[in-house]
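Novice: got a sequence here, can you model it:
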Amino acid sequence: MKPLKLKKIWVNFSLIRFLFLLVILAINSQAQIRGTEPGGYFIKKELWKAFLNEYSAETVAKHIKALSQFHRISGGSPGYLKAARYVTEEMRSLEAYEVEIKKHVADGEKIHLKWRSMPGWDIQEAELWLENTGELITRFSDVPVSVFVYSNGADVTGEAVYVGRGDRDQDYQGIHVEDKIVLATGDGNRVHQEAVIERGALGVVVGPPGIDPERLGTPNLVPLHRLRSNKSLREKTTFGFSLSHLQFQKIMRQIERGDNVRLHAKVKARQYDTESVTVSALLKGSEFPQKEIIFSAHLDHYNPGANDNCSGSASLLEIARTLKALMDRRIIERPKRSIRFLWVEEMHGFAGYLAKDESLGQRGIAGINLDMVGEDLYKTRSILTLIRTPFSNPSFIGDVMEHMIKYVDSIKVISPSGSSQQFNYRILGFRGGSDHFMLSDPTIGVPAVDIGHSLDFLHHTNLDDLKKIDTTELKRVGIISLAACHFLADAGEEEVFRLSAEVGAQGMKRMAEETKIYMDDLYCISLKEDAKLQLARHLEEAKIFTDILVKKETKAIGSVEELLSTPKQRKLMDSLIDSLKSFGLLQKQNLQSFYDLLCKMKKIKPLPFTLTSEEMDMKEIVPRRLFRGPISQYYFEDLMGEERQWYRDYSQIDSDWINRRTEIINFIDGKRNLLDIYYAVSTEYGRSPLFFYEKFINDLKKHGLIEY
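Specialist: Take a look at the predicted model:
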C-alpha cells in the first residue's frame with residue numbers, strides 16, 4: 001500500500017506543479033494581450049511594430065494582379081511556366097535567397113510517389129455556339145474556366161441531348177448519345193467519362209447542379225471542371241464546356257420546347273508531354289542551416305484564381321521581401337535556422353518535387369502552407385481557418401500559429417486600401433485539401449499547418465477575381481505567418497523554453513475539452529434502451545482515447561527539441577511530459593467517477609466490456625507500409641477499379657472517410673495493430689464502422705501497398 005500512496009502523492013504534486021505553471025502562463029499571456037504589457041508573448045512589441053510597418057498587403061495585391069493574368073494550369077502549361085518565371089525573377093531580385101528551379105516529368109503517365117503527373121496543356125481559344133440561333137454561348141478568352149481543363153482540340157457540330165446529372169450509368173438508360181453533345185449537371189470529369197469515353201459522345205456541356213443556394217443566387221457564376229489527365233485516355237478525350245446558370249438555361253429552354261437543338265464546339269487545345277517546375281528559394285540560417293522552416297503555396301490554377309491561389313503565392317513573395325528589408329535595416333539579424341519558400345503545383349506537382357528530395361523530412365522541422373489567404377469575408381462568405389497537424393505527426397507548429405492568430409485578433413490590423421471587417425477565424429483538426437497534406441505525411445516527415453479560407457462559395461469559379469480580395473485580410477494572414485516563421489527560425493533557448501510551456505499548457509486544455517465530450521457521450525448513451533450494452537464499452541474506449549491524446553500531446557512537446565536541445569530544455573520537457581501524463585490519469589479518474597455516478601443515478605447495471613471476435617481479429621493484423629507519401633484520390637480510384645464505387649457510396653454515409661483513409665495509412669508503422677489504428681483514428685475523427693477499416697486495409701494489401 002505504501003508505494004501506491006507515495007505514487008499518488010507524486011502524481012498530485014506533479015499535477016499541481018503543472019497547474020501552477022499554466023496559471024502563471026495564462027496570467028502573463030492575458031496581461032500582454034490586454035495591453036498591460038504591450039506586445040505578443042512570443043514577439044516583442046518593437047518587432048511586432050516593425051512587421052506591421054514593413055509588410056505591405058498592397059504589394060501583395062500587385063503580385064496577385066500580375067499572377068492572375070495567367071491561366072496557370074498544372075503540368076507545365078505555358079501560363080504556369082510564365083507564373084513560375086515571374087516568381088523566380090522577383091525572388092532573385094532580392095539578392096538574399098538561393099533560388100533554384102526543380103524540374104519533374106509532366107506527361108499524364110509518370111507516377112511521382114502515388115500521384116500521377118499532369119500533362120502539359122496549351123489552349124489557344126475555344127467557342128461554343130447555339131447553331132439554332134447563331135448565338136455565341138461562351139468563349140475561352142472571355143471566361144477561361146468555361147473550358148474544361150485538359151480538353152483536346154475539336155471542331156464539331158452535334159445534336160444536344162440532356163441526361164440529367166450524367167455522371168452515373170443509370171442516367172443514360174434508354175438515351176442514345178453517340179455522336180451527340182451531352183448536356184448534364186453532374187461532375188464534369190465523370191460526365192465526360194460516361195458520355196464520351198464509354199458511349200462515344202462528341203463532347204459535354206455542364207451546367208450548375210442547382211443544389212447550392214448561394215451559387216444558384218449568382219446566375220453568372222461559372223464553375224471550374226477538369227478532365228482526367230491520364231496519358232492512356234489522351235486519344236479518347238474530347239472537350240467539355242462549363243456554363244453559368246443563365247447560359248445553361250438558354251439551351252435548356254429550347255430543349256424543353258421540343259426543339260432539335262444543335263451546338264457547334266470549336267476548341268484549339270492540346271495535351272502534350274513536357275516538364276514542369278517547382279520554384280525553391282532558401283534563406284540560409286546563420287547557426288543551424290541544416291534546419292529549415294518551410295513555406296509552401298501552390299502556384300497553379302485557373303485564370304483569374306485571385307484567391308486560389310495567387311493570394312498564397314503572392315504572400316510568400318512579400319514575406320520574403322519583408323524579411324530581407326528588416327535584415328538590411330538591421331532590425332533583425334539573419335535567422336538562426338534556414339527558411340525555405342516553395343512555389344509548387346498543388347499536390348501532383350509537389351509530389352514530383354518530394355519524390356526527388358528525400359532528405360526534406362530531415363531538414364524541415366515545420367511547415368506553413370498558404371492557400372486562399374486574401375478573401376473579402378463579406379463578398380465570399382468565408383472564414384479564416386487554421387488546419388492543425390495530424391495526430392500521426394503532432395508538432396508545436398499548430399500552437400505557434402494559433403498563438404499568433406490570437407494576438408493579431410487582439411490588435412487592430414487594417415490595411416490602407418482594405419476593409420475594416422472584424423477578424424473572424426476558427427481552428428480545425430487535420431484534414432487534407434492542400435499541400436500541408438503532402439508535407440505532414442510521416443514518410444515525408446514535415447509537420448505542417450494550412451492557413452486559408454474555407455466556405456468561399458466562389459472557390460473554383462470565374463468570380464474568384466481581384467474584386468474579391470481584401471488587403472486587410474491579406475495583411476492579417478501575412479503578419480501571422482511572418483511572425484510565426486521568424487519566431488521559429490530565430491528561436492533561442494528562452495524562446496524554446498516558452499514554447500515548450502505553451503505546447504504543454506495547450507495540450508492539457510485540449511485534453512480537458514475532450515474529456516467533456518466523452519462525458520457528454522456517456523450521458524447520451526445512458527438515455528438509450530440498450531445502455532447497459534454500450535456504457536462500459538464507451539467508458540473503456542474513452543479511456544483508450546485519453547491515453548492516445550496523452551501520447552499525441554507528449555509528442556508535440558517532444559517536437560520542440562527539433563528547434564533546440566539543451567540540458568535545461570530537456571529537463572523542462574521531461575517535467576511537462578510527466579505532468580501531462582499525470583493529467584491524463586486524472587482525466588481517466590474523472591471519467592470513471594462520472595460513469596459510476598451516472599449508472600447509480602440512472603439505475604443501470606452495465607454489462608462488462610469485452611472485445612468482439614471482429615476486434616480480436618483486428619489485433620492480429622500488424623500492417624507495414626510499402627510506399628512513401630500520401631495517396632491521391634485519382635490514383636486510389638484507378639487502383640480500386642470496379643471497387644471504386646463502393647468507396648463512393650460509402651462517402652455518402654461518412655463525410656470524413658478521406659481523412660480517415662489518410663490517417664489509417666499514416667498510422668501504419670509495422671508496430672500498431674489494426675485495432676490500435678482504429679482507436680487512434682477514432683480519437684481524431686470519432687467512431688465509425690469497423691468494416692471500413694477491414695476493407696480498406698485488405699484492399700491496400702491486395703494491391704501491394706502494405707503487407708502483414
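Novice: from here on, just use CA atoms for contacts and neighbour counts.
Specialist: Will do.
Novice: can you pull the contacts of Phe437?
Specialist: Arg431, Ala448, Pro630 (CA atoms under 8 Å, 6 or more residues apart in numbering).
Novice: nope, Thr461 is what I was after
Specialist: Thr461 neighbours (CA under 8 Å, 6+ apart): Val145, Leu221, Val222, Pro223, Leu224, Gly305.
Novice: where exactly do the strands run in the stretch 101-250 of the chain?
Specialist: Secondary structure of the stretch 101-250 of the chain (DSSP state E, counting those that start in this stretch): strands at 111-112, 115-116, 120-130, 135-139, 154-162, 181-184, 203-206, 240-242.
Novice: oh, that last question was meant for the stretch 551-700 of the chain, not what I typed.
Specialist: 624-625.
Novice: Met508 is in what secondary structure piece?
Specialist: Secondary structure assignment for Met508, by DSSP states H and E: helix 493-526.
Novice: in terms of contact, does His63 touch Ala314 like I think?
Specialist: Yes: between His63 and Ala314 there is a contact under CA atoms under 8 Å: 5.4 Å.
Novice: any idea how far the nearest residue to Arg228 once chain neighbours are set aside is from Arg116?
Specialist: Closest residue to Arg228 apart from its sequence neighbours, by CA to CA, 6 or more residues apart in numbering: Asn189 at 6.5 Å. Asn189 is 16 Å from Arg116, where distance means CA to CA, to the nearest Å.
Novice: with neighbour numbers in mind, choose between those two.
Specialist: More crowded of Asn189 and Arg116, by other CA atoms under 10 Å: Arg116, with 24 against 19.
Novice: all helices of the stretch 551-700 of the chain, in order?
Specialist: 567-602, 613-619, 633-640, 644-651, 657-667, 674-685, 690-702 (DSSP state H, counting those that start in this stretch).
Novice: next one: the stretch 401-550 of the chain
Specialist: With DSSP H, counting those that start in this stretch as the criterion, the stretch 401-550 of the chain has helices spanning 436-440, 471-489, 493-526, 531-558.
Novice: go through the ones you listed and pick out the most buried.
Specialist: Comparing the helices of the stretch 401-550 of the chain on average neighbours per residue, with mean count of other CA atoms under 10 Å, the densest one is helix 436-440 at a mean of 27.
Novice: give the rounded mean pLDDT of that one.
Specialist: Averaged over helix 436-440, pLDDT sits at 97.
Novice: CA atoms only: put that helix into PDB for me.
Specialist: Below are the C-alpha coordinates for helix 436-440, written out as PDB (Å, rounded to 0.1, in the frame of the first residue of the first chain):
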ATOM      1  CA  HIS A 436       0.200  20.700 -45.900                       C
ATOM      2  CA  PHE A 437      -1.300  17.200 -46.600                       C
ATOM      3  CA  MET A 438       1.800  16.300 -48.600                       C
ATOM      4  CA  LEU A 439       4.300  17.500 -46.100                       C
ATOM      5  CA  SER A 440       2.700  16.100 -42.900                       C
END
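Novice: distance between that helix and the chain's centre?
Specialist: Taking CA atoms, centre = their mean, to the nearest Å, one finds the center of helix 436-440 at 8 Å from the center of the full chain.
Novice: same question, stretch 594-606
Specialist: Using CA atoms, centre = their mean, the offset of stretch 594-606 from its chain centre is 42 Å.
Novice: which parts of it are buried?
Specialist: Buried positions in stretch 594-606, judged by neighbour count with 16 or more other CA atoms under 10 Å: Phe594, Tyr595, Leu598, Cys599, Pro606.
Novice: equivalent analysis for stretch 79-94, please.
Specialist: Result for stretch 79-94 [16+ other CA under 10 Å]: buried residues Gly79, Tyr80, Leu81, Lys82, Ala83, Ala84, Val87, Thr88, Glu90, Met91.
Novice: what sits up against it?
Specialist: 67, 70-74, 97-99, 276-279, 281, 299-300, 317, 320-321, 324, 343.
Novice: for Leu597, see how far away the closest residue to Lys602 other than its chain neighbours is.
Specialist: Excluding the flanking residues, the one nearest Lys602 by CA to CA, 6+ apart is Ser526, at 7.4 Å. Distance of Ser526 to Leu597, given as CA to CA: 11 Å.
Novice: and if you look at Ile706?
Specialist: Distance from Ile706 to Leu597, by CA to CA: 45 Å.
Novice: and Gly629, by the same measure?
Specialist: Taken as CA to CA, the span from Gly629 to Leu597 is 47 Å.
Novice: one more: Glu541?
Specialist: 18 Å.
Novice: please apply the same query to Ala491.
Specialist: 48 Å.
Novice: again, but for Tyr523
Specialist: With CA to CA as the criterion, Tyr523 and Leu597 are 11 Å apart.
Novice: re earlier: ok and the helix holding Met508 relative to helix 471-489, angle-wise?
Specialist: 110 degrees (axes from the mean of the first three to the mean of the last three CA atoms, to 10 degrees).
Novice: who are the packing partners of helix 493-526?
Specialist: For helix 493-526, the packing partners by 3 or more CA pairs under 8 Å, 6 or more residues apart in numbering; DSSP states H and E come out as helix 2-34, helix 397-410, helix 531-558, helix 567-602.
Novice: right, so of those helices, which gets closest to Leu611?
Specialist: helix 531-558 (8.8 Å; CA to CA).
Novice: can you pull the contacts of the residue nearest to Lys602?
Specialist: Counting by CA under 8 Å, 6+ apart, the residues that Ser526 touches are Lys532, Leu535, Leu598, Cys599, Lys602.
Novice: so can I have JSON lines of the residues you listed showing pLDDT and distance to Arg257?
Specialist: Below are the contacts of Ser526 laid out as JSON lines (pLDDT from 0 to 100; distance: CA to CA, whole Å):
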{"residue": "Lys532", "pLDDT": "90", "distance to Arg257": "63"}
{"residue": "Leu535", "pLDDT": "95", "distance to Arg257": "61"}
{"residue": "Leu598", "pLDDT": "95", "distance to Arg257": "66"}
{"residue": "Cys599", "pLDDT": "95", "distance to Arg257": "67"}
{"residue": "Lys602", "pLDDT": "93", "distance to Arg257": "65"}
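Novice: Val177: which of those residues is nearest?
Specialist: For those, the nearest to Val177 is Leu535 (56.2 Å; CA to CA).
Novice: is the closest residue to Leu130 other than its chain neighbours in a helix, a strand, or coil?
Specialist: Nearest non-adjacent residue to Leu130, counting by CA to CA, 6+ apart: Leu263, 4.9 Å away. Secondary structure, DSSP: H, G, I helix; E, B strand; the rest coil: Leu263 is strand.
Novice: any idea how many residues pack against Leu263?
Specialist: Counted with other CA under 10 Å, Leu263 comes out at 24.
Novice: how close does it get to Pro78?
Specialist: 29 Å.
Novice: could you do Ile557 as well?
Specialist: 45 Å.
Novice: just Pro208 next, same as before
Specialist: For Pro208, the distance to Pro78 - CA to CA - is 29 Å.
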